[in-house]
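A.B. asks: This is a predicted model, with the sequence first.
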Amino acid sequence: MTNKTPSYGSGSSDGGKQPEGAGAPSSRVRRLLPSRWRVLLGILGPGLIAANAGNDAGAIATYGSVGARYGYELLWVIFLCTFSLIVVQEMVARLGAVTGKGLSDLIREEFSIRWTVFAMLAALIANGSVTISEFAGLAAALELFGIPRLIGVPFVALAVWWIIVAGSAERVERIFVALTIFFFAFIISAVMAHPDWGQALRSTVIPTTNWDAQKLLLVVATVGTTVTPFMQFILQSSVVERGVTIRRYKQQFQDVVLGSIFANVVVFFIIVCTAATLYQKGMRHPDSAEEIARALAPLGLGRIGTYIFALGLFGASITAAAMVPLSTAFSITEAFGWESGVSNTFREAPVFYSLFTVLIGIGTIIGMCRLPMVSLLVAIAALNGLLLPVLLVFIMRLINNRDLMGAHVNRPLANFIGWSTVVSVSVLDVVFLASTVWPK
């Protein structure tokens, strides 16, 4: 596959200088910000976007259900998932930097066509279902602001489509890094809910010992939405499109680590917030954004709490509503050798943009329908958890291929965490599926 994308970002060939918008602040911002913040803004990019795109509408519904049903009890799952997320994200970023190819490209080249079709089918099922969940979340957020879904969803969908189709890679990256600000809404809500911080911290490091089928469902859904498949495709493709090389990989590594940690800190606060509100109020089975938002309204502040939650849900949904279809278009076109990349025009990459457009259209249509939001989104997150081991096996095989990676294959610790994640998630999936057949 040829890609007409110019090299930019940390892997550019101009001695490390970045053009404006390629993950670096503008010259005016450089003058106004202290040096430590200029460095940080220069680092942030694909890793932050990919990790936070995973905190989408389905993730918020899943984490909200975890806090509502079990309080602080399952926070330890997020603590462990943070290590897995960092390692998995770093592996795909390194694959892109060393090979200069997307994940789908490598699967096609290193495995048979049957395995490629199987992997792409799994990705299409996972990503297609997640796209639906994003627009359902977007519709719910708009209604919290009093905007009818029949008007708001098509308008926002058209805006998302235009940003991707008409924008350059630099502009798209800049917009979605900026949207990260919305995630602070969940941190604010958690602090204002006055949780039991001591219990929250204890539950973060002490695993639960009692299990049931519903808890297994939520753990599988939590893992599936924290280390979700579409994030890996979009991150590796973004690293390649940025022009990152292994020689200038340090900044990309920092971006991945910071992005993963920030994403899971947000997750921690979402669970803490719902544990301190929904769980304490006995609302163990919320099934709409309105129910969650109402319970999240801090005492004495009424609708302000609802609007804070709505802002967070809107920011999360709109980011993933663009990233998930984009990830799918990248993965499918790369797998079969078609032109891809947001820096190409519609005429240069017709299949890429057509896939993106169709997925946006399907999500828009279903998003305008009224569905049981929380139940739907948790089920989709669980589906991602079931499909996750399939993709992780491909990633682990590729990253340890010395012919492909040379001296940049995994070190023992990364292999231990990577394969432990594969085995743990696979065991969870098997036990979860068995529990649906034999509930006791």
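C.D. replies: Sure, I can see it.

A.B. asks: When you work out contacts or count neighbours from here on, use the C-alpha atoms and nothing else.
C.D. replies: Fine.

A.B. asks: ok, now how distant is residue 232 from residue 94?
C.D. replies: The spacing between residue 232 and residue 94, counted by CA to CA, to the nearest Å, is 11 Å.

A.B. asks: Pick out whichever of those two has more residues nearby.
C.D. replies: residue 232 (28 against 25; other CA atoms under 10 Å).

A.B. asks: show me the residues around that one that make contact.
C.D. replies: If you count contacts by CA atoms under 8 Å, 6 or more residues apart in numbering, residue 232 has them with 50, 88-89, 92, 103.

A.B. asks: What of residue 77?
C.D. replies: 204, 207, 219, 222-223.

A.B. asks: Mind putting the contacts of residue 232 into TSV with distance to residue 380 and secondary structure?
C.D. replies: Converted to TSV, these look like this (distance: CA to CA, whole Å; DSSP: H, G, I helix; E, B strand; the rest coil):
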residue	distance to residue 380	secondary structure
50	18	helix
88	21	helix
89	21	helix
92	23	helix
103	23	helix
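
A.B. asks: Among the residues you listed, which one sits closest to residue 269?
C.D. replies: Comparing the contacts of residue 232 against residue 269 with CA to CA places residue 50 closest, at 19.1 Å.

A.B. asks: Past the one helix or strand residue 136 maps to, which element shows up next along the chain?
C.D. replies: In the assignment (DSSP states H and E), residue 136 maps to helix 113-144. With elements assigned by DSSP H and E, the helix or strand that comes after helix 113-144 is helix 149-166.

A.B. asks: in that next one, what counts as buried?
C.D. replies: 149, 152-154, 156-157, 160-161, 163-165 (16 or more other CA atoms under 10 Å).

A.B. asks: what bits of the stretch 251-400 of the chain have low per-residue confidence?
C.D. replies: Along the stretch 251-400 of the chain, the model assigns pLDDT under 70 to residues 284, 286-305, 341-343, 371-377.

A.B. asks: Tell me where it has strands.
C.D. replies: For the stretch 251-400 of the chain, strands defined by DSSP state E, counting those that start in this stretch do not occur.

A.B. asks: Helices of that one, residue ranges please.
C.D. replies: Per DSSP state H, counting those that start in this stretch, the stretch 251-400 of the chain has helices spanning 289-296, 303-335, 350-367, 373-399. These are given in chain order.

A.B. asks: do you know which of these lies nearest residue 127?
C.D. replies: The closest of the helices of the stretch 251-400 of the chain to residue 127 is helix 303-335. By CA to CA, the value is 6.1 Å.

A.B. asks: That closest one: which residues count as buried?
C.D. replies: Buried positions in helix 303-335, judged by neighbour count with 16+ other CA under 10 Å: 305-335.

A.B. asks: and the nearest residue in space to residue 75 that is not next to it in sequence, how many neighbours does it have?
C.D. replies: Leaving aside its chain neighbours, residue 75 sits nearest to residue 204 (4.6 Å; criterion: CA to CA, 6 or more residues apart in numbering). Other residues lying near residue 204 total 20 when counted by other CA under 10 Å.

A.B. asks: Contacts only, for residue 204.
C.D. replies: Residue 204 touches 72-79, counting by CA under 8 Å, 6+ apart.

A.B. asks: Before I go, just wanted to say thanks for your time.
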